[in-house]
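Asks: Output the structure for:
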Amino acid sequence: MALKKVALAAIAKLTKLKVEDLEAAIKDENEVDVTIDETLTPFSEDEIATLKTNEYKRGSASAVEIAVKDLKTKEGLDFTGKTLDGLVAAVSKKAVADAKIEPAKAVTDLQEKVTNLQKTVTEQEQKLADKEAEVTGVKINGELYKHIPAPAENGPAYDQDEVVLLMKNKGYDFKLENGKIVPYKDGKQILDKTSNPREPKDIISEFMTEKKYITTPAPGPDGRGGGDQKPPSKATKLSELKKEYEAAGKSLNGSEFMEAVDKAVSANKDFVLD
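Replies: Residues are numbered from 1 along each chain as shown. Purely as a prediction, here's the structure:
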């Protein structure tokens, strides 16, 4: 049984292979070798969290040490440490020593340098925090994409980013808390009847159904989802049919609309293609 194209594309993306190469290898009756990049390294959620924490600590500590070293060299401070506390102590000591010459100016100048150093460290910490937020956002979207189905053959066209962006515009948000994606609406957690956070996949499914991105087929005679059992449109011209579809939030560019036009023309010889 062949893999679905969505699954095939996901595997190809993870292994850095071309979709067509992977598909050909799977379909080949003989054993086929494919070259997978040896530099690819899988990470678990715990490993990603540990990596981000370690990078944050190393980046922050390194920024402080470099800034302290630069100021220490520039000002000729008698100081061998690498911390802000040690630097402040050295600044105070030098200020007292220089006070015999020009106390007010010496203290003011060095305090200004310390203030600038603290500002540099704060900016570096903000950059690291922004990067961490970016990584978290990518991870959250990656999880949400898993629950957004591909557009139906006769349904409206959309992509995953479009659905996520529309949900955020409507007040929805998804946050990573304790390793789990938690849904929010207008700043409040979306909870089930037992006050536990609801599953993101259910929230996404309900939203897409409400916005008519996806529909739930009516059961057929055999218990399966049946086709569209709606009666033919009563529109007598193309502009009226367009209004019906636009009011229902459906696309005018899909095959469903074209089929509706064909049915309307067949059912009504006086149908106007205005």
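
Asks: Can you dump the C-alpha atoms of stretch 128-137 in CSV for me?
Replies: Listed next in CSV are the C-alpha coordinates belonging to stretch 128-137 (Å, rounded to 0.1, in the frame of the first residue of the first chain):
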residue,chain,number,x,y,z
LEU,A,128,18.7,35.4,23.5
ALA,A,129,15.1,35.5,24.8
ASP,A,130,13.9,36.5,21.4
LYS,A,131,15.7,33.6,19.8
GLU,A,132,14.3,31.2,22.3
ALA,A,133,10.8,32.6,21.6
GLU,A,134,11.4,32.1,17.9
VAL,A,135,12.4,28.5,18.4
THR,A,136,9.4,27.8,20.6
GLY,A,137,7.1,29.4,18.0
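
Asks: Enumerate the positions of it that are buried.
Replies: residue 128 (16 or more other CB atoms under 10 Å). (Each C-beta comes from the backbone N, C-alpha and C, glycine too.)

Asks: From residue 271, how far off is residue 214?
Replies: Counting by CB to CB, to the nearest Å, the gap between residue 214 and residue 271 amounts to 30 Å.

Asks: repeat for residue 261
Replies: From residue 261 across to residue 271, the span is 8 Å (CB to CB).

Asks: Residues that sit against both of the two, list them.
Replies: Residues touching both residue 261 and residue 271 (CB atoms under 8 Å, 6 or more residues apart in numbering) are residue 238.

Asks: Of all the helix elements in the chain, which one is longest?
Replies: helix 103-145 (DSSP state H).

Asks: and that helix, what's its mean pLDDT?
Replies: Across helix 103-145, pLDDT averages out at 83.

Asks: swap in stretch 158-168?
Replies: The model assigns stretch 158-168 a mean pLDDT of 88.

Asks: What would that stretch look like as PDB? C-alpha coordinates only.
Replies: Taking C-alpha atoms only, stretch 158-168 is exported to PDB below (Å, rounded to 0.1, in the frame of the first residue of the first chain):
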ATOM      1  CA  TYR A 158      -5.900  27.000   2.000                       C
ATOM      2  CA  ASP A 159      -2.500  26.300   3.600                       C
ATOM      3  CA  GLN A 160      -1.400  25.600   7.200                       C
ATOM      4  CA  ASP A 161       0.000  29.100   7.800                       C
ATOM      5  CA  GLU A 162      -3.200  30.700   6.600                       C
ATOM      6  CA  VAL A 163      -5.300  28.600   9.100                       C
ATOM      7  CA  VAL A 164      -3.000  29.300  12.100                       C
ATOM      8  CA  LEU A 165      -2.800  33.100  11.300                       C
ATOM      9  CA  LEU A 166      -6.600  33.300  10.900                       C
ATOM     10  CA  MET A 167      -7.100  31.500  14.300                       C
ATOM     11  CA  LYS A 168      -4.700  34.000  16.000                       C
END
